[in-house]
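K.L.:
Need a 3D model of the following:
(one chain, ligands or ions: 1)
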Amino acid sequence: MKKWSASRAPAGRIAYVNGRYLPFAQAGVHIEDRALQLGDGIYEVANVIGGRMLDEEPHLDRMERSLHELGISMPMSRGALKLVMREMIAKNRIANGFLYIQVTRGAVRRDHVPPVDGPRPTLIMTMRTQDMAGLSQRLEKGIAVSTQPDIRWGRRDIKTVQLLPNLLAKQAARKAGAFEAWLVDNDGYVTEGSSTNAWIVDKDGTVITRDLSTAILPGVTRRIILEAMADAQLKVVERKFTVAEALAAREAFLSSATGAAVPVVVIDGQTIGNGAPGALTRRIRELYSDRAGVNTDLKKA
Ligand code: PLP
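P.N.:
Sure, this is the predicted structure:
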């Protein structure tokens, strides 16, 4: 039988689990890990471009906040985490892809009540490559979204691994022929995408995205785009918007670590603007790329 060693595994197949770098087939967690049993954990997804993790500090800020909100301790110091993250990128030999980080409350006899002290949090990291062809196609042609009821819990600002409502919405959107679901609250306002933040551009060229609250995830990409837009003195308002406003918008787009300013050209089968990716969306993507220090090839991707 072929013997695995971490350094000989195929690119993108090394996982980090609680202090060890292992080939995927050998990587696993305890059967009573609280994320597996109860969804008791949080995660981050970061973009890696040219072997460098983008927006490292904001991702770590959000990770610390999510853990704090759930009363889970940091699995190691920020400095140590950065070292493991860099080691993962190097060991997986992935220039362009995504780093997935998960922290759970740890493994302990199943009980709804979180233990007062301990167990030690579980730390997992995996990596995968970016589908550049798929992203190019989405940027060039734009994507369709389908609106779905937002049936999630009341603390959507915490990036927990409990994603069942998100994935059901995404599944429904795919069934409807759309790439992403835009989630709609009981009052008819768009909260965000199932795994992205939602943006529209109104007739006057003002960019609108929902304001931060417990209703949405504070997207790292959203934050960087807002900073870049402020620097470029572009008009932007953080407020909620209705589905009707979105349908009447000049442009629409979504943002996430897996794709900044991806144009939305169809909502619920209705064409947005002239049905092509908008100029402002492209500009915002360029501003984000400049800020993230991404090379121009990827900017055009
Ligand atoms: N909103 C939700 C519900 C998400 O799951 C995500 C990312 O996974 C985002 C927004 C975008 O956040 P970020 O830009 O940090 O990837």
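
K.L.:
which parts of the chain sit against the ligand?
P.N.:
Taking C-beta under 6 Å from any ligand atom as the test, the list of the chain residues beside the ligand reads 45, 192, 195-197, 217, 219-222, 255-257. (Glycine included, C-beta is placed from N, CA and C.)

K.L.:
rerun that using 5 Å as the cut-off
P.N.:
Contacts of the chain with the ligand, taken as C-beta under 5 Å from any ligand atom, map to 192, 195, 197, 217, 219-221, 256-257.

K.L.:
Keep only those of those residues that are in strands.
P.N.:
Those of these mapping onto strands are 192, 197, 256, per DSSP state E.

K.L.:
In JSON lines: those, plus pLDDT and neighbour count.
P.N.:
Supplementary listing: those in JSON lines, determined by pLDDT from 0 to 100; neighbours: other C-beta atoms under 10 Å:
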{"residue": "E192", "pLDDT": "98", "neighbour count": "26"}
{"residue": "N197", "pLDDT": "98", "neighbour count": "22"}
{"residue": "S256", "pLDDT": "97", "neighbour count": "20"}
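
K.L.:
tell me which of those residues is nearest to F98?
P.N.:
In terms of C-beta to C-beta, no member of those lies closer to F98 than S256, at 10.3 Å.

K.L.:
Tally up the residues packed near R239, please.
P.N.:
Using other C-beta atoms under 10 Å, the number of residues around R239 comes to 9.

K.L.:
Against the ligand, how distant is it?
P.N.:
Using C-beta to the nearest ligand atom, to the nearest Å, one gets 17 Å for the distance from R239 to the ligand.

K.L.:
just the helices in this protein please.
P.N.:
The residue ranges that make up the helices of the chain, judged by DSSP state H, are 34-38, 56-70, 78-92, 132-141, 164-175, 220-231, 243-247, 279-292, 296-300.

K.L.:
would you turn those helices into a markdown table with mean neighbour count and mean pLDDT?
P.N.:
Supplementary listing: those in a markdown table, determined by neighbours: other C-beta atoms under 10 Å; pLDDT from 0 to 100:
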| stretch | mean neighbour count | mean pLDDT |
| --- | --- | --- |
| helix 34-38 | 20 | 97 |
| helix 56-70 | 17 | 97 |
| helix 78-92 | 16 | 97 |
| helix 132-141 | 14 | 94 |
| helix 164-175 | 16 | 98 |
| helix 220-231 | 19 | 97 |
| helix 243-247 | 16 | 98 |
| helix 279-292 | 19 | 94 |
| helix 296-300 | 13 | 45 |
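
K.L.:
Tell me which of those helices lies nearest to A15.
P.N.:
Per C-beta to C-beta, nearest to A15 of those: helix 78-92, 8.5 Å.

K.L.:
Apart from its chain neighbours, what residue comes closest to E245?
P.N.:
In space, and not counting its chain neighbours, E245 is closest to I200: 6.5 Å by C-beta to C-beta, 6 or more residues apart in numbering.

K.L.:
contacting residues around that neighbour?
P.N.:
For I200, the set of contacting residues under the criterion of C-beta atoms under 8 Å, 6 or more residues apart in numbering consists of 207-209, 241, 245-246, 249, 251-252.

K.L.:
just L287 next, same as before
P.N.:
The contact partners of L287, taken as C-beta under 8 Å, 6+ apart, are 225, 228-229, 231-232.

K.L.:
what are the bridge partners for the nearest residue to A252 once chain neighbours are set aside, then?
P.N.:
Using C-beta to C-beta, 6+ apart and skipping the chain neighbours, the partner closest in space to A252 is V264 (3.9 Å). Beta bridges link V264 to I143, A252 when assigned by DSSP bridges.
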